[in-house]
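Peer 1: next one to model:
(one chain, ligands or ions: 1)
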Amino acid sequence: MRSSSTRFCRRSALLVALFLLCRASLVSAVSSIPDHRIMVSIDLEKQQISGSVEVTVPQEVNAIRVGNDLRLRSLVLNGKSLVPSVVSGRIALPPHPDGSILLLVYEGAFKGAGDPDPANIISREGAYLTGDWYPAVESPLSLFSLKVHVPKGFQAVAEADTVAIAESGQPNLVAFEFPHPVPAIHLVMAPYVVARERFRAIEIATYLLPEDQGLAQQYLAYTRRYLQMYEEMLGPYPFRRFAVVENILPTGYGMPTFTLLGRQVLKLPFIPETSLGHEILHSWFGNSVYVDYSSGNWSEGLTSYLADQHYAVLRGEGAQYRKNVLEEYESYVHGDNEIEVRHFLSGEDRALRAVGYGKTAMIFHMLEGRIGADAFNAGLKTLIRERRFKITSWADLQRVFSQASGQDLRDFFRFWLDRKGAMEITAAQPRVSESGKAYRLDLPLRVEGTSFPVEIPVSVLTSAGSERRAVKMTTSEQTVTLSMNSPPRRLVIDPDYDLFRMLSPSERRPLWSRLLGDPTRTLALPERNGDKYSSLTEELRLRGFHTVPVSEVTRARIREGAYLFLDSAPDWISVFSKAKTAAPGFSMEIKGNPFNPRHVIGLVQAAGEEEVRAVGSRLFHYGQQSRLEFSRGRNVVKEAGPGELGIQIDVPPQVTGIPGKVGLPLSAIVTAVADQTIAYVGERHDRYGDHLAQLEVIQGLHERHRELAIGMEMFQSRYQKALDDYIAGSIDEETFLRKAHYFTSWGFNYFLYRDILLYARNEKVPVIGLNIPKELASKVARHGLAHLSDEEKALLPKGMDGADEGYRERLRQAFHMHQMEIPGGDPPRQLESFIEAQVLWDESMAAAIADYLARHPGSQMVVLAGNGHLEFGSGIPRRAYRLTGKSYVTILPHPCGPLEEGFADYILFPSIAQPPEAPKLLAAIEPSGEGPVVKGFSPGSGAEEAGIQEGDVIVGVDHRQVSDLDDLQAFLVFRRAGEKVLVAVTRGGERLEFPVELKTPFRMHP
Ligand SMILES: [Zn+2]
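Peer 2: Residues are numbered from 1 along each chain as shown. Take a look at the predicted model:
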């Protein structure tokens, strides 16, 4: 287990740190390792230990460590009594010859009172002795043999290859023999039930408390499995015994020949599958090849790599595991808490572990990738063979792997051990060209934060499947070239997370851990219902959350960091799902911060205080999730949000062509699509040729199918009566245009559409206005759906679908290309609002189509709308299909930009044609409360020549009253250039009239 080894490592580090000065000489003089023979009795009632230690002391060892909790009763060196003088838990030894015999008699009490994490404790339940529980001479490694009086009904465990009863009696004297040098030994004792069996030459055993003895067979079976796995991978297990020991304290850790697992932990179902294997692997790395803490702890990273990571690989989840490592690093490690790998000793907190376990495991993964699996495995075996029971540093690892691979790995180790941070990979636009039968792909790459050379794995998706490649970078900026047999469509850089690197924005998931690890994490305290969250609030404060009243969370503030909301988030944050699922007791949702993608935001909602308390600190075990639900403290939903795998890069298609004469005449297309219920015929609004093609499709379909309707984006459904009256012949064209508010709600040259409307009127083909009020769409585009009033929300279609990815991407490009960001606004939020407005628009038009077809089940419909609402079927067609289930076809004029596959069912190449154009006053006229007001003039304006001035309000034309722009335009549209009209204006309260010559605007294009 991680938490356990942590503690072990910490103490050993202290021991080693004290001995740095003499370590070199001792390690070289292996033959003169001190040898301790310890005999102890433990009084569980009195919580005391007493005993003796006889030590064979080498000449160069010059001090004894007693610790602060032991009392020496006598100290005899070579038969001569010394008066001990203990300073800071140490006693200096007088000069003595090699092989001197030291005899210490001691006692101590370990009540563990008040220490939440005691190193030693003796109680009626048993003993747990892992700190300075015996006096010993100061040496990084020593030999130990231990005899313990074990009371009846108890069992003891310590480092041992053999355990025997030395003297039976009340109590038994049990002898533990461990023949290898070791930094320290440990002793635990409890009323264990012992189960034993053999695996190969190894005695394996479980020491479990009576209530947990049912777990023995499972632990023995997993122990066999891991011993077999690692003997095959690394060679023989270094000891003759291995025991799984239940700890009476909630903590536990791994040491030579046994692992201590805390009571609660031992019962968790995943422990035998993960942590047990990790601890068994420490038998090789950490507990026999010892760690030189003065040069950094390499063993947690290596053990994580060959245990936890390896098990994920065996499950087929290696890439996801390694991505999690990167996510943990990004969540918890920041500039101010990062250490170099070389300075890692033990993982007290998540930031340290993300480096010492996670980053270090990735360094071993990259090392294996660089030197190959064979050299890596050979290096591991050499390390074990050469460094068994020796204190081993990163330098030893570097030497062993360099020898095994024949490569100079100095730069690699130096870079990754001594430099903070992770790799960053960025790619510019790839280019494709074709040469002969192959496709050449040029990819400009930039790689920072790594040693060179480095191989970057790349997966190339082609029309024929995906191909794995590796590109070698020798400098930080390079354009790499790949040759492919099929045209490449997409590149994925480092798809399996083989590199220790920063994630690209689209790979990042909105995880709870990102909120927990964010230095800016802030809890927004609710105005109401705060009481029921008080236990959670307390816990979050302890975990470093700042708090702020929710009323003080402004847009400006939220863009600065990570926020967690309780009970509800402000209205203007619309990312959280509105619909609550079937009344969970407690739910949490984490989303990307819409105002700043570098942070996340979260929302917690609970039914009541009881539900919050029931979840308790369990909530913090789910860092790798984005959505959580609990019911009475039991987790019922856990989901991680989406994130791409690997750095995904679209490859723009290379230029292709088709023969110029593959086209069908439009009449043949009409024949081919005649049986489709809905024909969407697109347009580029200002192209007359597109509208003539629309009319041809309408005529062709109407000849075959008399029950036809025309749906038009250009008219709003609220003015349907004007359309109906016009088609019925009960109003004239000018009245129709005024009542349909054509000019103010659409405004393109009416002659672009007039042929279609005249045909519909003559043939009595219903025309259906599909559009929504312009004000509604622009309000949503500015502020998002969340900001509509309740009356406005009532106008929205029910059940809107989101935008598909392709559509979002096209909208995103349009948004940025037209620079629709409002200065000082919030671009990501504005983009979301823009997309919401487009979706609202499309959904409303789809709903109008569905509504008409539901009322006229036998009818066919031609829908006229801009290409943007129809291309790739994304805007209206698929939504209308969701609502109607009716067949459809899309017939679109070719796009102005690049043409891509899937753009439409039929692509038209309409003629270029000039529509008639109404003459103009050549004045800029805007609506106002009093009527249309003149704001300026075009060059050569007849209105200006006649004497109309800026600020004049137009109130009449040719003796007709004008009250709005539609009145004026509907009158002018049927005049001719050169005609004179009498324009009445008010200026400063006075009514004036001017005869104005109408003119056709000057146009540059044909
Ligand atoms: Zn470990």
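Peer 1: surely residue 864 is within a helix?
Peer 2: No. Secondary structure of residue 864 (DSSP: H, G, I helix; E, B strand; the rest coil): strand, not part of a helix.
Peer 1: so how many other residues sit close to residue 156?
Peer 2: 26 (other C-beta atoms under 10 Å). Placement of C-beta: from N, CA and C, glycine included.
Peer 1: next up, phi/psi of it, please.
Peer 2: phi -120, psi 150 (degrees, to the nearest 10).
Peer 1: repeat that for the one 5 residues further on.
Peer 2: Summarising the backbone geometry of residue 161 under the convention degrees, to the nearest 10, its torsions are phi -90, psi -30.
Peer 1: counting neighbours, what do you get for the spatially closest residue to it that is not a sequence neighbour?
Peer 2: In this structure, residue 161 finds its nearest non-sequential neighbour in residue 240, 4.2 Å apart by C-beta to C-beta, 6 or more residues apart in numbering. Applying other C-beta under 10 Å, we find 15 other residues in the vicinity of residue 240.
Peer 1: swap in the one 10 residues further on?
Peer 2: In terms of burial, residue 250 registers 12 neighbours under the definition other C-beta under 10 Å.
Peer 1: bridging residues for the nearest residue to it once chain neighbours are set aside?
Peer 2: Once flanking residues are discounted, residue 250 sits nearest to residue 262: 4.4 Å by C-beta to C-beta, 6+ apart. Taking DSSP bridges, one obtains residue 247 as the residues bridged to residue 262.
Peer 1: tell me how many other residues surround residue 262.
Peer 2: Residue 262 has 20 neighbours, counted by other C-beta under 10 Å.
Peer 1: so for it, what's the pLDDT?
Peer 2: Residue 262 carries a pLDDT value of 89.
Peer 1: swap in residue 30?
Peer 2: Per-residue confidence at residue 30 stands at 41 (pLDDT).
Peer 1: now swap in the one 4 residues further on and tell me
Peer 2: Per-residue confidence (pLDDT) for residue 34: 96.
Peer 1: helix, strand, or coil at the one residue in the stretch 351-500 of the chain that gets nearest to the ion?
Peer 2: Residue of the stretch 351-500 of the chain nearest the ion, by C-beta to the ion: residue 357 (7.5 Å). Assigned with three-state DSSP, residue 357 falls in the helix class.
Peer 1: that older thread, measure the residue nearest to residue 250 to residue 719 for me?
Peer 2: Between residue 262 and residue 719 the distance is 74 Å, computed by C-beta to C-beta, to the nearest Å.
Peer 1: do the same with residue 794
Peer 2: Distance of residue 794 to residue 719, given as C-beta to C-beta: 19 Å.
Peer 1: now do residue 943
Peer 2: From residue 943 across to residue 719, the span is 29 Å (C-beta to C-beta).
Peer 1: who has more neighbours out of those two?
Peer 2: Comparing residue 943 with residue 719 by other C-beta under 10 Å, the one with more neighbours is residue 943, at 26 against 18.
Peer 1: whatever residue of the stretch 151-300 of the chain ends up closest to the ion: neighbour count?
Peer 2: Residue of the stretch 151-300 of the chain nearest the ion, by C-beta to the ion: residue 300 (4.8 Å). Residue 300 has 29 neighbouring residues, counting by other C-beta under 10 Å.
Peer 1: doesn't residue 355 make contact with it?
Peer 2: No. Using C-beta atoms under 8 Å, residue 300 makes no contact with residue 355, being 9.9 Å away.
Peer 1: contact partners for the residue of the stretch 801-950 of the chain at minimum distance from the ion?
Peer 2: The minimum distance from the stretch 801-950 of the chain to the ion, using C-beta to the ion, falls at residue 828 (41.0 Å). Neighbouring residues of residue 828 by C-beta atoms under 8 Å, 6 or more residues apart in numbering: 594, 595, 596, 597.
Peer 1: next, the buried residues of the host helix or strand of it.
Peer 2: According to DSSP states H and E, residue 828 maps onto helix 827-855. For helix 827-855, the neighbour count (16 or more other C-beta atoms under 10 Å) marks 828-853 as buried.
Peer 1: equivalent analysis for stretch 971-981, please.
Peer 2: So for stretch 971-981, counting by 16+ other C-beta under 10 Å, buried means 971, 972, 973, 975, 981.
Peer 1: could you look up the SS state of the spatially most central residue of the chain?
Peer 2: Taking C-alpha atoms, centre = their mean, the centroid of the chain lies closest to residue 509, which sits 1.6 Å from it. Look at residue 509: counting by three-state DSSP, its state is coil.
Peer 1: what sits against it?
Peer 2: 327, 626, 640, 641, 642, 643.
Peer 1: now with 10 Å, please.
Peer 2: Taking C-beta atoms under 10 Å, 6 or more residues apart in numbering, we find residue 509 in contact with 323-324, 327, 503, 590, 592, 600, 624-626, 640-644.
Peer 1: what's the answer for residue 575, then?
Peer 2: Residue 575 neighbours (C-beta under 10 Å, 6+ apart): 510, 569, 589-595, 601, 603, 786, 829, 832.
Peer 1: where's it relative to the ion, distance?
Peer 2: Counting by C-beta to the ion, to the nearest Å, the gap between residue 575 and the ion amounts to 39 Å.
Peer 1: name the element that residue belongs to?
Peer 2: Assigned by DSSP H and E, residue 575 falls outside every helix and strand.
Peer 1: so what's it scoring on pLDDT?
Peer 2: Residue 575 is given a pLDDT of 80.
Peer 1: before we move on, what about residue 978?
Peer 2: Per-residue pLDDT puts residue 978 at 85.
Peer 1: surely it is in a strand?
Peer 2: No. Per three-state DSSP, residue 978 lies outside any strand segment and is coil.
Peer 1: if I read this right, it contacts residue 996, doesn't it?
Peer 2: No. Residue 978 lies out of contact with residue 996 (C-beta atoms under 10 Å); the separation is 11.6 Å.
Peer 1: quick check: neighbours shared by these two?
Peer 2: Both residue 978 and residue 996 are contacted by residue 942, under the criterion C-beta under 10 Å, 6+ apart.
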